[in-house]
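**Q** Take a look and give me a structure for this.
(one chain, ligands or ions: 2)
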Amino acid sequence: MNILILGSGGREHTFAWKISQSPLCKKLFIAPGNGGTSRYGENIYVDINNFDEIKNLVIDNKIDFVLVGPEDPLVNGIVDYFEQSYELKNVKIFGPNKLGAQLEGSKSFSKSFMKRHNIPSAKFKSFNLNEVDEGIKFLRNSSPPFVLKADGLAAGKGVIISKDLESAENSFKNMLINKQFGEASKKVLIEEFLSGIEISCFIITDGENYISLPEAKDYKRIGENDTGLNTGGMGAVSPVNFYDEEFEKKVENRIIKRTIQGLKKDNIPFKGFLFIGLMNVNGDPFVIEYNVRMGDPETQVVIPRIKNDFLKVLLSCIDIDLKNTKINIDRKTTSTVILTSKGYPEKYKKGFKISGLKEIKNSIIFHAGTTEEEENILSNGGRVIACTGVGKNISESLQVSYELARKIDWEGKYYRKDIGKDLMK
Ligand code: AMP
Ligand code: GLY
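**A** Residues are numbered from 1 along each chain as shown. Ligands and ions are numbered 1, 2, ... in the order given. Alright, predicted model coming up:
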């Protein structure tokens, strides 16, 4: 088959690495891809939200299967566009349609869904521009910390947690009245604060059945000991020691099964990844959010543990045949350490020449934000390289990740030195 992966990050590089290993993969394209994906296929420039452009690319290259990496095209309806286009009707595309993608695209949609189907999650109330006074009153009657969320997609930045009432009120007004996150904060949710440890859990569902992928822990803050600004993710580890059999059963029974039943009851067809961000509150799982795609950097530790032909798994989902698919997980531990540009997640410079990549053999390096220029690989984003290690246990895999992190270099490289430390105690 000819395959197209949409996206340009570490997640998409990982997909390209894995899918290129499938005997079913004849030709692989990554659009737009990055400096690392070209090792596994052909990079083609495309705007991932320009569906007409993607359609031409698919027709010209006789693509049979499209894997959508990031959420935006899904939330914007790329799957519906394919289904409605006469020329694309027979092209398989992996991911939910626009309605299903609302689980990530609108927090009020997903929170109402969870409430309706009795899925444990933080209590909430949502407010629009006509309800600013009610929102302020609600905040004054709540207790800190205050959790404010923009309803729509805000590139991972739409959540503000504040300990004092005055700054929460200001943030709330700023989001709604001053449209801090543009259209995304036309509606704002105020949520109960959940205290616990976060974990990322992933399934693939065809709407009828599901398979669980390995869980992972993501390190979101820029600074060590989880301090400083939120980022896209600075590292990840899989498996996670507190995700034991008992916790997993709770997640299955209280969250995953109710979610799939709920989708069916609400007539929401759903085929694709479902990434469930969970909070472990004293041993009980609560949903923080749904995403309708894989996590990044979680993909860089989850996919290397999957022994199956991953393309076959994705195809069986599209064909609503997951009940006959068994996932085969490697018992080894994987970890990834993200190398970032100085200044990220705020302002940073790009275009620095990266050294040390060519010398690395037999290791898994995934590019997150790079570009190729002649013989050189240049930094081209905030998150630049993911150093994935595999080991018998967490300390062994972290040793590999950190060795890679030290060897690869460019001006202004930064990484957290404490990824996975909390899980080694
Ligand atoms: P989200 O974009 O919904 O994943 O939120 C971003 C981050 O904010 C999460 O990863 C959590 O660390 C934190 N967060 C979100 N909602 C809550 C909540 N209700 N209680 C505590 N922390 C939260
Ligand atoms: N690492 C979190 C995310 O992909 O949203």
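**Q** Look at the closest residue in space to residue 320 that isn't next to it in sequence and say how many residues are nearby.
**A** In this structure, residue 320 finds its nearest non-sequential neighbour in residue 206, 4.4 Å apart by Cβ to Cβ, 6 or more residues apart in numbering. C-betas here are computed from N, CA, C, even on glycine. By other Cβ atoms under 10 Å, the residues close to residue 206 number 21.
**Q** Please verify my assumption that residue 206 contacts residue 321.
**A** Yes: in this structure, residue 206 is within contact of residue 321 by Cβ atoms under 8 Å, at 7.1 Å.
**Q** Residue 378 is in contact with residue 350, isn't it?
**A** Yes: contact between residue 378 and residue 350 holds when scored by Cβ under 8 Å: they sit 7.3 Å apart.
**Q** Looking at the two, which one has more neighbours?
**A** Remark: of residue 378 and residue 350, residue 378 carries more neighbours, 17 against 14, as counted by other Cβ under 10 Å.
**Q** Tell me where the protein has helices.
**A** Under the criterion DSSP state H, the chain contains helices at 10-19, 51-60, 71-75, 78-84, 102-105, 107-116, 132-140, 165-176, 245-250, 257-265, 299-302, 310-318, 394-407.
**Q** Among the ones you listed, show me which one is buried the most.
**A** Neighbour counts (mean count of other Cβ atoms under 10 Å) averaged over each of the helices of the chain peak at helix 299-302, with a mean of 30.
**Q** which residues make contact with that helix from outside it?
**A** Defining contact as Cβ atoms under 8 Å, 6 or more residues apart in numbering, one finds that helix 299-302 is touched by 10-11, 14-15, 202, 213-214, 216, 236-238, 294-295, 334-336, 364, 366, 386, 388.
**Q** Just give me how far stretch 395-402 sits from the chain centre.
**A** Centroid separation for stretch 395-402 versus its chain: 23 Å, with Cα atoms, centre = their mean, to the nearest Å.
**Q** Over that stretch, what's the mean pLDDT, rounded is fine.
**A** Stretch 395-402 shows a mean pLDDT of 97 in the predicted model.
**Q** and for it, what are the contacting residues?
**A** Outside stretch 395-402, the residues that touch it by Cβ under 8 Å, 6+ apart are 235, 237, 332-337, 363, 387-391, 417, 419-420, 424.
**Q** For PyMOL, write the select line for the buried members of those.
**A** A single PyMOL command selects the buried members of these (16 or more other Cβ atoms under 10 Å):
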select buried, resi 235+237+332+333+334+335+336+337+387+388+389+390+391+419+420
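**Q** Now do the contacts for the residue of the stretch 101-250 of the chain found nearest ligand 2.
**A** Proximity to ligand 2, evaluated over the stretch 101-250 of the chain using Cβ to the nearest ligand atom, is greatest for residue 233 at 3.6 Å. Neighbouring residues of residue 233 by Cβ under 8 Å, 6+ apart: 218, 219, 220, 295, 296, 297, 298, 338, 383.
**Q** Any of these buried? List them.
**A** Burial by neighbour count, judged by 16+ other Cβ under 10 Å, picks out 218, 219, 295, 296, 297, 298, 338, 383 from those.
**Q** Can you name the residues bridging to the first one?
**A** Counting by DSSP bridges, residue 218 forms beta bridges with residue 236.
**Q** quick revisit: ok, which of the helices of the chain comes nearest residue 150?
**A** helix 165-176 (6.0 Å; Cβ to Cβ).
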